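Visitor: Here is my input, please return the structure:
(2 chains)
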Amino acid sequence: QQQVKQSPQSLIVQKGGISIINCAYENTAFDYFPWYQQFPGKGPALLIAIRPDVSEKKEGRFTISFNKSAKQFSLHIMDSQPGDSATYFCAASIDQAGTALIFGKGTTLSVSS
Amino acid sequence: EAQVTQNPRYLITVTGKKLTVTCSQNMNHEYMSWYRQDPGLGLRQIYYSMNVEVTDKGDVPEGYKVSRKEKRNFPLILESPSPNQTSLYFCASSLTGGTSTDTQYFGPGTRLTVL
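Guide: Predicted coordinates:
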């Protein structure tokens, strides 16, 4: 049972364009939604995260949009750069100690120069 | 430097030959976890540990064992590896788990091939 559905599986964006990755979740108890970025040959690293008490969070060129009623959240990368080329994972968890992060299947982003 | 280390980074073995992948963290984290990453399947949790001598199954525990005898170490044991365990394995640690006040730190990964 996949609790976090991520799309698209792969994405090609021109340099300077906007990259959008979408995730949907099923468990309404989830209340913490991080995004992890993984470069080839490296482990994932936390990029940005949101809790459902806000509808949007922005950090530099990266923005999470959150729609609680639709149980969806998305990552927007503005002015995408070749250095953003990586695999992105959305995740969800119940915000309490000891709970696991449930990851989406990942999106491989390629930004062409 | 705060980090999670894994060894070995690459391993080719044969079916049935017991192996151990080590994981160590230097951040005094209580929560440690093992994931496997497969193309098209993302990251799936194998086992996790809330603290010393406390371990529990994740989503895909079959064929794996873990132990947590010391806070900093969390080895992954494959008693009788099979080809379907060929994968990229990540160890991760954090203070408390998947909470908003915490961050999971991942190791560099171990690429395992079972022939």
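Visitor: In terms of helices and strands, where is residue 20?
Guide: In the absence of a named chain, this looks at chain A. strand A:19-25 (DSSP states H and E).
Visitor: think we crossed wires, I meant chain B
Guide: With DSSP H and E as criterion, residue B:20 is part of strand B:19-25.
Visitor: Each with direction, which strands does the strand holding residue A:20 pair with?
Guide: strand A:4-7 (antiparallel), strand A:72-77 (antiparallel) (DSSP bridges).
Visitor: What's the mean pLDDT across the shortest one?
Guide: Along strand A:4-7, the predicted confidence averages to a pLDDT of 96.
Visitor: residues of it that come out buried?
Guide: Of all the residues in strand A:4-7, those buried under the rule 16 or more other CB atoms under 10 Å in any protein chain shown are A:4, A:6. The way it works is simple: take the backbone N, C-alpha and C, and place the C-beta from them, glycine included.
Visitor: how about the spatially most central residue of chain B, what does it touch?
Guide: When CA atoms, centre = their mean is applied to chain B, the residue found nearest the centroid is residue B:34 (2.7 Å). Taking CB atoms under 8 Å, 6 or more residues apart in numbering or on different chains, we find residue B:34 in contact with B:23, B:45-48, B:58, B:64, B:66, B:74, B:76, B:89-92.
Visitor: how about the residues you listed in TSV, adding distance to residue A:3 and pLDDT?
Guide: Formatted as TSV, the contacts of residue B:34 follow (distance: CB to CB, whole Å; pLDDT from 0 to 100):
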residue	distance to residue A:3	pLDDT
B:23	25	98
B:45	12	94
B:46	17	97
B:47	18	96
B:48	16	94
B:58	13	92
B:64	21	98
B:66	23	98
B:74	24	98
B:76	23	98
B:89	22	98
B:90	19	98
B:91	22	97
B:92	18	96
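Visitor: Pipe these into CSV and attach neighbour count and distance to residue B:103 per row.
Guide: Converted to CSV, the contacts of residue B:34 look like this (neighbours: other CB atoms under 10 Å in any protein chain shown; distance: CB to CB, whole Å):
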residue, neighbour count, distance to residue B:103
B:23, 24, 17
B:45, 22, 16
B:46, 23, 20
B:47, 23, 20
B:48, 26, 16
B:58, 17, 19
B:64, 20, 25
B:66, 21, 22
B:74, 29, 17
B:76, 22, 21
B:89, 22, 20
B:90, 26, 15
B:91, 28, 15
B:92, 25, 10
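Visitor: ok, which of these also contact chain A?
Guide: Applying CB under 8 Å from any CB of the partner chain, the subset of the contacts of residue B:34 adjacent to chain A comprises B:45, B:48, B:58, B:90, B:92.
Visitor: partners of the fourth one in the sheet?
Guide: Following DSSP bridges, residue B:90 is listed with bridge partners residue B:35.
Visitor: Now for it: which residues touch it?
Guide: Residue B:90 sits next to A:43, A:44, B:6, B:34, B:35, B:36, B:37, B:43, B:106, B:107, B:109, B:110 when contact means CB under 8 Å, 6+ apart.
Visitor: Cool, thanks, talk later.
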